[in-house]
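Q: Below are the sequence and a predicted model for it; my questions follow.
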Amino acid sequence: MDKRARNIFENLKGDWTLNRIIKDLNLNEINTASGVASFSQSSLDEIDSLYYVENGKLLLKKINKLINFTREYIYKIVDNQIDIILNDGVTKGNLFQTLIFENNEHELKGSEHICKLDRHNGKYYFIDKFNFYIEYTVNGPKTNLLIRTNYSKINNACL
């Protein structure tokens, strides 16, 4: 097992605020989302597994509408990488991405995920113990999105 993956896992445990910017490059629109995310041990039998859930509100600026959202994943350390498994909806149990270390211990690149005709590619950047962000591109015949989600640990002053 990779010590870098273990260090990331240990630091992810807890609650985070999330702020997301979704740029639709085809429509020249920017929407935003905010909420909270939580990483917790998925079970005592799986120390190399974290349960992730996020909840929040998506603001569709063009029509000035707020939409509630929730999403669940399971993060698992597998050898020298981290697998992200979908944990909700009709694709529950399917692999979403495999994260591999890039240039250093603070950057991970996600494998390409194909959903229908769209291709999802992501990178994870761990700035310090209290902040990280994810950048995704989603491209397809009708889709051209750039998504950035910033995470900040809640109650980090107590750690």
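A: Good, I have the coordinates. Residues are numbered from 1 along each chain as shown.

Q: going forward, measure contacts between C-alpha atoms and count neighbours the same way
A: Fine.

Q: Of all residues in this protein, which one is nearest the centre?
A: What sits nearest the mean C-alpha location of the chain, by C-alpha atoms, centre = their mean, is residue 134, with 6.2 Å.

Q: What pLDDT is listed against that one?
A: Listed pLDDT for residue 134 reads 97.

Q: Need the three-state assignment for residue 7.
A: helix (DSSP: H, G, I helix; E, B strand; the rest coil).

Q: all numbers from here: first residue = 593
A: That works, and once the first residue is 593, the last one we named lands at residue 599.

Q: Can you give me every residue that contacts it?
A: For residue 599, the contact set (C-alpha atoms under 8 Å, 6 or more residues apart in numbering) is empty.

Q: Three-state assignment for the residue lying farthest from the centre of the chain, please.
A: In the chain, the residue that sits farthest from the middle, by C-alpha atoms, centre = their mean, is residue 655; the gap is 26.1 Å. At residue 655 the chain is in coil, as set by three-state DSSP.

Q: so who does residue 680 touch?
A: So residue 680 contacts 663-665 (C-alpha under 8 Å, 6+ apart).

Q: Now do the same contact list for residue 663.
A: Contacts of residue 663 by C-alpha under 8 Å, 6+ apart are 645-647, 679-680.

Q: if we go to 6 Å?
A: Residues in contact with residue 663 (C-alpha atoms under 6 Å, 6 or more residues apart in numbering) are 645-646.

Q: so it is in which element?
A: strand 657-670 (DSSP states H and E).

Q: Give the other helices and strands that the helix or strand that that strand is followed by contacts.
A: On the C-terminal side of strand 657-670, the nearest following helix or strand under DSSP H and E is strand 673-678. Contacts defined by 3 or more C-alpha pairs under 6 Å, 6 or more residues apart in numbering; DSSP states H and E place strand 673-678 against strand 657-670, strand 687-693.

Q: pretty sure the residue nearest to the centre of the chain is in contact with residue 719, am I right?
A: No - in this structure residue 726 lies outside contact range of residue 719 using C-alpha atoms under 6 Å: 10.9 Å.

Q: and stretch 624-632, how far from the chain's centre?
A: 9 Å (C-alpha atoms, centre = their mean, to the nearest Å).

Q: again, but for stretch 607-618
A: 10 Å.
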